[in-house]
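[1] Got a predicted model here, sequence first, then my questions.
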Amino acid sequence: MSFASSIDGFAVIHAAFLAPARRPHFENELKRVGVEKFQVVETRPISDHDPRLQYYKGRANGLLSLIDGFLCALELAENSAWKSVAILEDDIVFRSNFSNLWSEVEDEVQKTHWGVLTPFRWPCGGAVLVAEPLFAKTSLVALQHNLATHCVIVSRDHYSALRESLQHCIARGYPCDFFYGIFSSLFPQRLFATTRNLAGQASLLSSTLQQGQVRGGSRYATYRSANRVEAGLINLAYRPLNSLRKWTRIRV
């Protein structure tokens, strides 16, 4: 079973008013991994008078626009009666051997009772890269937290839970990806990720949320992962720098 046939529907959140040039990128990327049918959810600018901005510190128009995109994607999935939906951001990129890696885990995906599934994990505990298995096949791992939302797969019986988690994010002035922790507290053992990062965020694209910052062009910057040996060495090399940053924050 291919990635496209494993999930009922695909929705791409696209900020056409900010980055129209991204459309050819995600269209080509989805076609490359066999996804021919998908819906584009175009986000809208958030007015400076939007009452929800009162919950945030600093300019949060872009953060709210992304959350609205997720809420619209969930509404689309419900109206389309999809049993599951993959919600993708428009800078999505998949591993070159994505189809092979997905085939290793798709049987487990079908048998596991997940509510939210991400084909990636974000580095944690001070690490800059996720350590992936060297030889073992790709599998699923239960999470309590994660970061980034470039590919979020949701099962139908958890659409309302994700919506509630996103609304909590707004009420607390949180960015979109803080929903993971809220969701996990509401539904323990329903958040899963793959042990290899099968999806990432395209490099050399200007961020629509972080003042136009451009992500580096390396595969590490794109996928935030490496095999266990590479990741161990790189994380070790960055540990003194991370410690210095932590010490500096404490001193300030």
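    That came in fine, so what should we check first?
[2] Look up which residues are beta-bridged to Glu132.
    As for beta bridges, Glu132 partners with Asn227 under DSSP bridges.
[3] Surely it and Ala193 touch.
    No: if you go by Cβ atoms under 8 Å, Glu132 and Ala193 don't touch, sitting 11.6 Å apart. All C-beta spots, glycine's among them, are computed from the backbone N, C-alpha and C.
[4] shared neighbours of the two, anything?
    Residues within reach of Glu132 and of Ala193 at once, by Cβ atoms under 8 Å, 6 or more residues apart in numbering: there are none.
[5] now the strands for the stretch 101-250 of the chain?
    116-118, 130-132, 140-142, 151-155, 191-194, 199-201, 225-227 (DSSP state E, counting those that start in this stretch).
[6] any chance of these in CSV, plus mean neighbour count?
    Formatted as CSV, these follow (neighbours: other Cβ atoms under 10 Å):
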stretch, mean neighbour count
strand 116-118, 24
strand 130-132, 20
strand 140-142, 13
strand 151-155, 23
strand 191-194, 23
strand 199-201, 23
strand 225-227, 19
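[7] right, and those - which one's nearest Asp50?
    Of all these, it is strand 151-155 that lies closest to Asp50, at 23.3 Å by Cβ to Cβ.
[8] Dump the strands of the stretch 101-250 of the chain to a markdown table, plus mean pLDDT and distance to Glu42.
    As requested, the strands of the stretch 101-250 of the chain are exported to a markdown table (pLDDT from 0 to 100; distance: least, Cβ to Cβ, whole Å):
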| stretch | mean pLDDT | distance to Glu42 |
| --- | --- | --- |
| strand 116-118 | 98 | 23 |
| strand 130-132 | 97 | 31 |
| strand 140-142 | 98 | 32 |
| strand 151-155 | 98 | 18 |
| strand 191-194 | 98 | 28 |
| strand 199-201 | 97 | 19 |
| strand 225-227 | 95 | 30 |
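[9] At the geometric centre of this protein, which residue do we find?
    Thr149 (2.2 Å; Cα atoms, centre = their mean).
[10] how close does that residue get to Arg59?
    19 Å (Cβ to Cβ, to the nearest Å).
[11] Of all the strands of the stretch 101-250 of the chain, which one comes closest to Asp107?
    Short answer: strand 140-142, nearest of these by Cβ to Cβ, at 10.3 Å.
[12] Nearest to Glu29 among the strands of the stretch 101-250 of the chain would be which one?
    strand 199-201 (9.6 Å).
[13] Quick check: which helices or strands does the closest one pack against?
    Under the contact criterion of 3 or more Cβ pairs under 8 Å, 6 or more residues apart in numbering; DSSP states H and E, strand 199-201 touches strand 92-94, helix 219-223.
[14] Redo the ones you listed as a markdown table? Include distance to Arg52.
    A markdown table is the format used below for the helices and strands packed on strand 199-201 (distance: least, Cβ to Cβ, whole Å):
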| stretch | distance to Arg52 |
| --- | --- |
| strand 92-94 | 26 |
| helix 219-223 | 32 |
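[15] Pick the most deeply packed of those.
    Ranked by mean neighbour count, the helices and strands packed on strand 199-201 are led by strand 92-94 with a mean of 21 (mean count of other Cβ atoms under 10 Å).
[16] Give me the sheet partners of it and which way each runs.
    Assessed with DSSP bridges, strand 92-94 is paired to strand 199-201 (antiparallel).
[17] ok so, going back, closest one to Lys83 among the strands of the stretch 101-250 of the chain?
    strand 151-155 (7.1 Å).
[18] Show which residues not belonging to the closest one make contact with it.
    In contact with strand 151-155 (Cβ under 8 Å, 6+ apart) are residues 7, 70, 74, 77, 83-89, 92, 114-120, 162, 199.
[19] just the helices in the chain please.
    3-6, 22-32, 61-79, 98-111, 159-172, 179-186, 219-223, 228-251 (DSSP state H).
[20] so which of the ones you listed comes closest to Ile13?
    Nearest of the helices of the chain (Cβ to Cβ): helix 61-79, 3.7 Å.
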